[in-house]
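# Everything below, folded, please.
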Amino acid sequence: MQHTFFQKLILVVVMAFGAACLIFFYREFIVKADESLNKGYQNTHSISGGR
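Numbers count the residues shown, from 1 in each chain. As a prediction, this is how the structure comes out:
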């Protein structure tokens with residue numbers, strides 16, 4: 001299977017765009033959803049016993 005340089009270049013650009021979309025999704029959606037759900041949560045029964 002032989003690919004030209006431009007086919008490889010386009011494939012790398014598409015894969016980089018996909019990776020950037022995954023990182024953006026994680027930063028914008030998952031982190032903010034976690035912050036909004038657990039904003040006021042405090043663990044009163046910790047394993048280490050530190051109060």
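
# Low-confidence bits of this structure, can you list those?
Residue ranges of the chain with pLDDT under 70: 1, 46, 48-51.

# Swap in 80 and give it another go.
Within the chain, the ranges that satisfy pLDDT under 80 run 1-2, 40-51.

# In it, spot the helix with the most residues.
Longest helix of the chain, by residue count under DSSP state H: helix 5-25.

# I would like the residues contacting that one, please.
His3 (C-beta atoms under 8 Å, 6 or more residues apart in numbering). C-beta: built from backbone N, CA, C; applies to glycine.

# Any buried residues in that helix, and which?
Neighbour-count burial for helix 5-25, counted by 16 or more other C-beta atoms under 10 Å, picks out no residue.

# Likewise for stretch 25-43?
Buried positions in stretch 25-43, judged by neighbour count with 16+ other C-beta under 10 Å: none.

# and it, how far apart are its ends?
28 Å (C-alpha to C-alpha, to the nearest Å).

# And that stretch, how far out from the chain middle?
13 Å (C-alpha atoms, centre = their mean, to the nearest Å).

# Same check on stretch 12-22?
With C-alpha atoms, centre = their mean, you get 13 Å for stretch 12-22.

# do the same with stretch 10-29
9 Å.

# Over to stretch 7-27?
13 Å.

# same question, stretch 39-49
26 Å.

# distance of Ala19 from His3?
20 Å (C-beta to C-beta, to the nearest Å).

# What of Phe29?
Phe29 is 34 Å from His3, by C-beta to C-beta.

# What of Asn43?
Asn43 is 53 Å from His3, by C-beta to C-beta.

# same check, this time on Phe17
From Phe17 to His3 the distance is 19 Å (C-beta to C-beta).

# same question, Ile30
Counting by C-beta to C-beta, the gap from Ile30 to His3 is 35 Å.
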